[in-house]
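[1] Dropping a prediction and its sequence here:
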Amino acid sequence: WEDAEESVSDTYMKTWEIIPPQRPTYFYAFIASICRHLSFHKVDWKQAAKRNAEVVTLTEEMELCIPDTSRDREMEAREIGKALNVFLESLPKEARLIFLRRYWHVDTIAEIAARYGMTESKVKMQLSRTRAKLCTYLEQEGFLPVKINGQRKDQKLTVRLDISRSTQFLSAMLLISPMLPQGMHIQITSEKTDGSYIRITRNMMENWGVQTQFDGKNYEVMPGAAYHKTTYVVEPDMSAACYFYGAAAITGGKAIVENVHMDNTQGDKKFLKVLEQLGCKVTDTAKGICVEGPEHGNIHGIDIDMNDFSDQTMTLAAMAPYADAPVHISHIGHIRLQESDRIHAIVTELRRAGIRCEEEEDALTIYPGVPHAAVIKTYEDHRMAMAFSLLGLRTDGIIIDDPLCCKKTFENYFELFTILTQE
């Protein structure tokens, strides 16, 4: 707004001052007229009213109640901004989104990205993959709201998927396939065709009575497949356990996470092999897997491909400054599209703490060093918050900004982390 060149007339300022608070429709119409003066798109308030019952029904006559006189006096953009801020704050949330989307093209993808801990690019990518015949954009292409057009066909449904950036798309299609009486054939177009979480998905489906066929490239669920009620035991979260294993590694301590055993099917179990290469001792006890760090936490450097367990990239990165040689992590380009651009976030925050790093498109290298005190930004990424807490185990003054973003997967992480470090 401060850079805006448009102006409005003195009439609008006088109208602003006399709008009765009990007549919000005049207020809305006044703002609409201002924005129309500023060359923005005219909002369809009638349609907005239909979308949200809290928005008062407006008519064309109400908009015309404000005189459209010539501009005989300029109003500074800052004052316009103040007026619109007051207006936006007065609206219920749904109406506010309608207003922003129509005037400034502020898309609700940003809202969704923030709410669900995703990057905007990932949300847009998900939308584009379903766009063809399944999805119709109701307003602006590439943005919500969208209309999903269900299709009921007798022949088997064939879907083409690229899972190079995320296997979640494939998991989603597999999970809904029993809802389609005609079955589903999924053709994988990417070089990557499988993954640890895909195997978990297929195992779970099998436990509920649905068989999936995989020939090394394509997946198929036969017609007539159906889920059956059963009891399923959810495994402990291996991803969360790894933060405590990492803590033991760099402090020379010991960590046992109860009920986590070697029969765990999650991909992050591979991180245990990495810990062994770093110099840790890993054993499966009756209580759970136990990790013992090397003496004084003197871990080794490593060159490792973490494509299939990339959630632990940040954990290893936070441990890497305390290694005796560089740590190189490769084939992780897809994590740039997750809750944050994780490769760039890692490098930025380690450099903030004084650690030398090299950033590549799908890899990074971290060199041994002595971190100094720093405020670590988390980028609203739960794994950045939890992983970089390890940096503070051996360096005073490490502050995690916005630690509660970890509530997405581990709401009481820092409470538990505090208790363990005090002990």
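    Sure thing, it's come through.
[2] going forward, measure contacts and count neighbours with C-alpha atoms only.
    OK.
[3] which regions of the protein sit below the pLDDT cut-off?
    For the chain, the stretches flagged by pLDDT under 70 are 1-135, 141-142, 150-154, 423.
[4] run the last query once more with 80
    For the chain, the stretches with pLDDT under 80 are 1-137, 140-144, 146-156, 229-230, 423.
[5] can you map out the strands along the stretch 301-423 of the chain?
    Under the criterion DSSP state E, counting those that start in this stretch, the stretch 301-423 of the chain contains strands at 302-305, 327-330, 357-359, 364-366, 374-376, 398-400.
[6] out of these, nearest to A385?
    Checking those against A385 by C-alpha to C-alpha gives strand 398-400 as the closest, at 6.4 Å.
[7] by contact count, what packs against that closest one?
    strand 374-376 (3 or more C-alpha pairs under 8 Å, 6 or more residues apart in numbering; DSSP states H and E).
[8] helices or strands up against the strand it packs on?
    Strand 374-376 packs on helix 342-352, strand 398-400, going by 3+ C-alpha pairs under 8 Å, 6+ apart.
[9] rerun at 6 Å
    strand 398-400 (3 or more C-alpha pairs under 6 Å, 6 or more residues apart in numbering; DSSP states H and E).
[10] Tell me the strands beside the strand it packs on, with direction?
    With DSSP bridges as the test, strand 398-400 is paired with strand 374-376 (parallel).
[11] Residues in contact with the strand it pairs with: which ones?
    Residues from elsewhere that reach strand 374-376, judged by C-alpha atoms under 6 Å, 6 or more residues apart in numbering: E349, A353, I398, I399, I400, D401.
[12] List the buried residues in it.
    For strand 374-376, burial by neighbour count (16 or more other C-alpha atoms under 10 Å) applies to A374, I376.
[13] With stretch 254-272 instead?
    For stretch 254-272, the buried set under the neighbour-count rule, 16+ other C-alpha under 10 Å, comprises 254-257, 259-261, 266-269, 271-272.
[14] Same question for stretch 176-189.
    Buried residues in stretch 176-189 (16+ other C-alpha under 10 Å): S177, P178, L180, P181, Q182, G183, M184, H185, I186, Q187, I188.
[15] between these, which is closest to R160?
    When the buried residues of stretch 176-189 are compared against R160 (criterion: C-alpha to C-alpha), the nearest one is Q187, at 4.7 Å.
[16] isn't that closest one right next to N218, touching?
    Yes: contact criterion C-alpha atoms under 6 Å: Q187 and N218 qualify, at 4.8 Å.
[17] Report how many residues lie close to E220.
    For E220, the count of nearby residues is 20 (other C-alpha atoms under 10 Å).
[18] before we move on, what about the one 3 residues further on?
    In terms of burial, P223 registers 17 neighbours under the definition other C-alpha under 10 Å.
[19] Please, which helix or strand holds it?
    For P223, there is no host helix or strand (DSSP states H and E).
[20] Skipping its backbone neighbours, what lies nearest it in space?
    G183 (4.0 Å; C-alpha to C-alpha, 6 or more residues apart in numbering).
[21] Could you measure from that neighbour over to H372?
    Applying C-alpha to C-alpha, to the nearest Å, the value for G183 to H372 is 57 Å.
[22] cool, G301 as well?
    Applying C-alpha to C-alpha to G301 and H372 gives a distance of 20 Å.
[23] Mind checking which of the two has more residues around it?
    G301 (21 against 18).
[24] which residues touch that one?
    A323, D324, A325, P326, V327 are the contacts of G301 under C-alpha under 6 Å, 6+ apart.
[25] could you redo the residues you listed as TSV and give each row neighbour count?
    TSV is the format used below for the contacts of G301 (neighbours: other C-alpha atoms under 10 Å):
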residue	neighbour count
A323	20
D324	16
A325	17
P326	20
V327	23
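[26] So F309 sits against T265, correct?
    No: using C-alpha under 6 Å, F309 is not in contact with T265, being 11.9 Å away.
[27] on that earlier part again, nearest to L390 among the contacts of strand 374-376?
    I398 (9.4 Å).
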